[in-house]
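Enquirer: give me coordinates for this.
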Amino acid sequence: MPKLRVRLLNNKLSGEVPAAFWGLPHVSLLELAENAFSGSISKTISGASNLSLLFISDNQFTGNIPEEIGSLGNLVEFSGGYNLLSGSLPATLVKLSELSTLDLHNNKLSGELPSGIQSMKKLSELKLSWLQRQIRTQRPPSSSLLPAAVAPLTFFTSFSPNFCPSEVAVAAVAYNDDFKITTTAATFNNSDEQ
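Expert: A predicted model of the protein is given here:
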């Protein structure tokens, strides 16, 4: 069976997404963004073995991101910003070896970034800004201004005041008038080398 692409973007749909729908094995794109869906991401998502693009932003999804998401070996992009997701990021996220973009900004997530996130070689974009709780990282062994867990990222938009404020120079990333990311190169230097 060919891979299917499910696009329900911006259709004013509401209610809970049926559990079986989350785990459709032949779906490569699941786009539920910009609706009014509620409920949680079902553990049945582990059955979506061909899923490479998951777009669920701008809804009212609640609850934890299930550990089962770590079984989605083909997942390249997970966009779940502007929801009510809570709890910690699942440790199984680090199993997503193909993941290049993780966008979970504007949720109620808390806890720590999963240990080993720095080993995700393809992860280049991480968005955790404007969380209503606090995400922390483990203090890096050096006195680097960027947490060791996120230093390899090429695009990082998680510098909001509630993101590990004691460990990150919040001024490192700022939005300009066009809402594009700007950085100050000196901010990213290891303080031992300055």
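
Enquirer: okay, now N10: neighbour count?
Expert: The number of residues packed near N10 is 11, by other Cβ atoms under 10 Å. For every residue, glycine as well, the C-beta is placed using N, CA and C.

Enquirer: can you check the pLDDT for the closest residue to it other than its chain neighbours?
Expert: Distances taken as Cβ to Cβ, 6 or more residues apart in numbering put E34 closest to N10, at 4.1 Å, once the chain neighbours are dropped. Reading off the confidence values, E34 has pLDDT 98.

Enquirer: for A91, see how far away E34 is.
Expert: Distance of E34 to A91, given as Cβ to Cβ, to the nearest Å: 30 Å.

Enquirer: excluding sequence neighbours, find me the nearest residue to P114.
Expert: With sequence-adjacent residues excluded and distances taken as Cβ to Cβ, 6+ apart, P114 is closest to A91, at 4.8 Å.

Enquirer: correction: the previous question concerned L104.
Expert: Across the structure, with Cβ to Cβ, 6+ apart as the measure, the residue nearest L104 apart from its sequence neighbours is G80 (5.1 Å).

Enquirer: residue contacts, that neighbour?
Expert: G80 makes contact with 54, 56-57, 61, 65, 103-104, 107, according to Cβ atoms under 8 Å, 6 or more residues apart in numbering.

Enquirer: and these, which of them are in strands?
Expert: Using DSSP state E, 54, 103 are the members of the contacts of G80 that sit in strands.

Enquirer: CA atoms only: put stretch 113-125 into PDB for me.
Expert: Taking Å, rounded to 0.1, in the frame of the first residue of the first chain, the C-alpha atoms of stretch 113-125 are listed here in PDB:
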ATOM      1  CA  LEU A 113      15.600  18.000  28.400                       C
ATOM      2  CA  PRO A 114      16.100  14.300  27.900                       C
ATOM      3  CA  SER A 115      19.600  13.100  28.600                       C
ATOM      4  CA  GLY A 116      21.200  12.300  25.300                       C
ATOM      5  CA  ILE A 117      19.500  14.900  23.200                       C
ATOM      6  CA  GLN A 118      22.900  16.100  22.100                       C
ATOM      7  CA  SER A 119      23.400  12.700  20.400                       C
ATOM      8  CA  MET A 120      20.500  13.400  18.000                       C
ATOM      9  CA  LYS A 121      22.800  14.100  15.000                       C
ATOM     10  CA  LYS A 122      20.000  15.300  12.700                       C
ATOM     11  CA  LEU A 123      18.200  17.600  15.200                       C
ATOM     12  CA  SER A 124      18.900  21.100  14.000                       C
ATOM     13  CA  GLU A 125      15.800  23.000  15.100                       C
END
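
Enquirer: cheers, nothing more for now.
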